[in-house]
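1. could you look at this predicted model? Sequence included:
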Amino acid sequence: MLTVVVALVANALLAAAKSAAALFTGSAAMLAEAAHSWSDTGNEVFLLVAERSGRRPRDESHPRGYGRATYVWSLVAAFGLFAVGATVSLWQGVSDLLGEPGEDDTVFWVNYLVLAIAFVLEGTSFLQARRQVHGEASRYGLHPLRYVSRTSDSTLRAVYFEDASALIGIVLVAGAIGLHQLTGSAVWDALGSIAVGLLLGVVAVFLMRRNMEYLLGEGTGERIRREVLARVLAHPQVDRCTYLHVEYVGPQRLFVVAAVDLTGDDAESELALRFRAVEADIERSPVVEDAVLTLAPPDEEALTVDSGVTRRRR
């Protein structure tokens, strides 16, 4: 939550500053950066809604909880980045590139001042997101970039990549304005706006795709399945497990289905009680939203942590 709030404050301040600079200087590239910051500001609001919606406890109408609401609002935020940031930047750049050149009275030092301030604020926001990503990635032994690309935490991924693209965009715009100043040609300004638009489009499509995959019920990686299987097999009432299904139902929230044999040879009524006890024990894990156990057929091969848990029931 802190990461999103920091990004929201930084982007709101930058959006106002960049808009004023774009109006004062007439720079297309600066206008593209203003559109970028306004879209990011709106996106952070959606991400805050996503965080709040996804934390609602499960109830009778939503037995798997509301975790997937996070992906819905994150998808809306990513689409906003594409529709507002990328589209406005591309439209402005192409319009200036194809339009009649006007009188060049750009006040370059205003652009440079605003971009310098923007780099500091965006860098502060990015460092907060980077700190969180590196901390969580180190716990799982993953490269930070791989972790943030694959994490089920859609708000963290959005802030990280939006801030990273903002820093890259600032560098692109500064280069475009610098070339405009050196050559006297506003074409570079327009090309800078187009470059920012393309950058935002790529990031937005990536974020939309990842949220869609989680909304469709993306399964976990092999490491998490091994951890869940180890927890199931460690229970004293479980003899073996022949089938395991684990999927995300929200950021760091799992739905677990397993076919197991219980120890002993109890009557059906006693088995039902024992199954529920094991399910309740698995659900005590802070990342397991719901667990469902069924009886394993006697002729199915048992799963082990060492052999892997990728086999699927036919």
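-> Nice, I can see it. Being a predicted model, the structure only gives us computed values, none of them experimental.

2. where does pLDDT dip in the stretch 201-314 of the chain?
-> Applying pLDDT under 70 to the stretch 201-314 of the chain flags the ranges 266, 268-269, 307-314.

3. where do the helices sit along it?
-> For the stretch 201-314 of the chain, the helices defined by DSSP state H, counting those that start in this stretch cover 222-234, 268-283.

4. who does the longest strand belonging to the chain touch, helix- and strand-wise?
-> Ordering each strand of the chain by length in residues (DSSP state E) puts strand 238-250 first. Taking 3 or more Cβ pairs under 8 Å, 6 or more residues apart in numbering; DSSP states H and E as contact, the helices and strands that strand 238-250 lies on are helix 69-80, helix 222-234, strand 253-262, strand 288-295. Where you see a C-beta, it was placed from the backbone N, CA and C, and this is true even at glycine.

5. return the most buried member of the ones you listed.
-> Most buried of the helices and strands packed on strand 238-250 by mean neighbour count (mean count of other Cβ atoms under 10 Å) is helix 69-80; its value is a mean of 23.

6. does anything pack onto that helix? Which helices or strands?
-> Using 3+ Cβ pairs under 8 Å, 6+ apart, helix 69-80 sits against helix 28-54, helix 154-183, helix 187-215, strand 238-250.

7. among those, which is the most enclosed?
-> When you average the neighbours per residue for each of these (mean count of other Cβ under 10 Å), helix 28-54 leads with a mean of 25.

8. distance of Gly80 from Thr70?
-> 16 Å (Cβ to Cβ, to the nearest Å).

9. helix or strand next in line after the biggest helix by length in the chain, which one?
-> Scanning the chain for the helix with the most residues, using DSSP state H, yields helix 108-140. Taking DSSP states H and E as the definition, the helix or strand that follows helix 108-140 towards the C-terminus is helix 144-150.

10. name the residues of that following helix that are buried.
-> By neighbour count on 16 or more other Cβ atoms under 10 Å, the buried set for helix 144-150 is Pro144, Tyr147, Val148.

11. got the contact list for the last one?
-> Right, Val148. Val133, Ala137, Leu156, Arg157, Tyr160, Phe161 (Cβ atoms under 8 Å, 6 or more residues apart in numbering).

12. for it, give its distance to Gly135.
-> 12 Å.

13. again, but for the second one
-> Counting by Cβ to Cβ, the gap from Tyr147 to Gly135 is 10 Å.

14. pLDDT below threshold where in the stretch 1-150 of the chain?
-> Segments of the stretch 1-150 of the chain classed as low confidence (criterion: pLDDT under 70) are 1, 100-106.

15. for Tyr214, find the nearest of the helices and strands packed on strand 238-250.
-> Each of the helices and strands packed on strand 238-250 has some distance to Tyr214 by Cβ to Cβ; the shortest is helix 69-80, at 4.7 Å.

16. what angle do the closest one and strand 253-262 make?
-> With axes from the mean of the first three to the mean of the last three Cα atoms, to 10 degrees applied, the angle from helix 69-80 to strand 253-262 works out at 140 degrees.

17. mind saving the C-alpha coords of helix 69-80 as CSV?
-> What follows is helix 69-80, C-alpha atoms only, in CSV (Å, rounded to 0.1, in the frame of the first residue of the first chain):
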residue,chain,number,x,y,z
ALA,A,69,-11.1,-8.1,-7.9
THR,A,70,-7.5,-6.9,-7.6
TYR,A,71,-6.8,-8.2,-11.1
VAL,A,72,-10.0,-6.6,-12.5
TRP,A,73,-9.0,-3.1,-11.2
SER,A,74,-5.4,-3.6,-12.2
LEU,A,75,-6.6,-4.5,-15.7
VAL,A,76,-8.6,-1.3,-15.8
ALA,A,77,-5.5,0.7,-14.7
ALA,A,78,-3.4,-0.9,-17.4
PHE,A,79,-6.0,-0.1,-20.1
GLY,A,80,-6.0,3.5,-18.8
